[in-house]
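Undergrad: Sequence first, then the predicted structure:
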Amino acid sequence: MNIERELRHKQFKTEFQKAHINILYSASCLSAKATAVLKPYNLSWQQFNIMRILKGIHPKPATIKQLTLRMIDKMSNAS
């Protein structure tokens, strides 16, 4: 993948800026693909993440605090 071609951007100011934009673009692509995979199950990726955490903790009980600490999206509501 060529980030300049994908974003139709001629040149970035620095290599750091190019890498930063590339990471954000890649994260967006992965998020869109995950959303598409989870759509038939009517799940968001945040809900899937909670289920993944619960599976890893099973059979022990989990508190909201434990779930919140292990969540990828810290802005999401664990409850």
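TA: Everything's here; your move. Residues are numbered from 1 along each chain as shown.
Undergrad: Counting by contacts, list what the longest helix along the chain packs against.
TA: If you go by DSSP state H, the chain has its longest helix at helix 15-38. The helices and strands touching helix 15-38, judged by 3 or more CB pairs under 8 Å, 6 or more residues apart in numbering; DSSP states H and E, are helix 3-7, helix 45-57. Yep, even glycine has a C-beta here, placed from its N, CA and C like the rest.
Undergrad: Just want the most central residue of this protein.
TA: Most central in the chain under CA atoms, centre = their mean is Ser31, positioned 5.5 Å from the mean C-alpha point.
Undergrad: so what's that one up against?
TA: By CB atoms under 8 Å, 6 or more residues apart in numbering, the contact set of Ser31 is Trp45.
Undergrad: Check which helix or strand Ala62 maps to.
TA: Secondary structure here is read from DSSP states H and E; on that basis Ala62 sits in neither a helix nor a strand.
Undergrad: With adjacent residues omitted, what lies nearest to the residue of the chain positioned farthest from its centre?
TA: In the chain, the residue that sits farthest from the middle, by CA atoms, centre = their mean, is Lys10; the gap is 27.8 Å. Spatial nearest neighbour of Lys10, chain neighbours left out: Glu4 (6.8 Å); criterion: CB to CB, 6 or more residues apart in numbering.
Undergrad: ok, back up a step: pLDDT averaged over the longest helix of the chain - what is it?
TA: The pLDDT scores in helix 15-38 average 91.
Undergrad: Show me what counts as buried in that helix.
TA: Residues of helix 15-38 classed as buried by neighbour count (16 or more other CB atoms under 10 Å): 21-22.
Undergrad: Just the C-alpha atoms of that helix, please, in CSV.
TA: Taking Å, rounded to 0.1, in the frame of the first residue of the first chain, the C-alpha atoms of helix 15-38 are listed here in CSV:
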residue,chain,number,x,y,z
GLU,A,15,8.4,10.9,8.0
PHE,A,16,6.8,11.0,11.5
GLN,A,17,3.6,12.6,10.0
LYS,A,18,3.5,10.0,7.2
ALA,A,19,3.8,7.2,9.7
HIS,A,20,1.2,8.7,12.0
ILE,A,21,-1.3,9.1,9.1
ASN,A,22,-0.5,5.6,7.9
ILE,A,23,-1.3,4.2,11.4
LEU,A,24,-4.6,6.1,11.6
TYR,A,25,-5.6,5.0,8.1
SER,A,26,-4.7,1.4,8.8
ALA,A,27,-6.7,1.5,12.0
SER,A,28,-9.7,2.9,10.2
CYS,A,29,-9.5,0.1,7.5
LEU,A,30,-9.2,-2.6,10.2
SER,A,31,-12.2,-1.1,12.1
ALA,A,32,-14.3,-1.1,9.0
LYS,A,33,-13.5,-4.8,8.3
ALA,A,34,-14.2,-5.8,11.9
THR,A,35,-17.5,-3.9,11.8
ALA,A,36,-18.5,-5.8,8.6
VAL,A,37,-17.6,-9.2,10.1
LEU,A,38,-19.6,-8.5,13.3
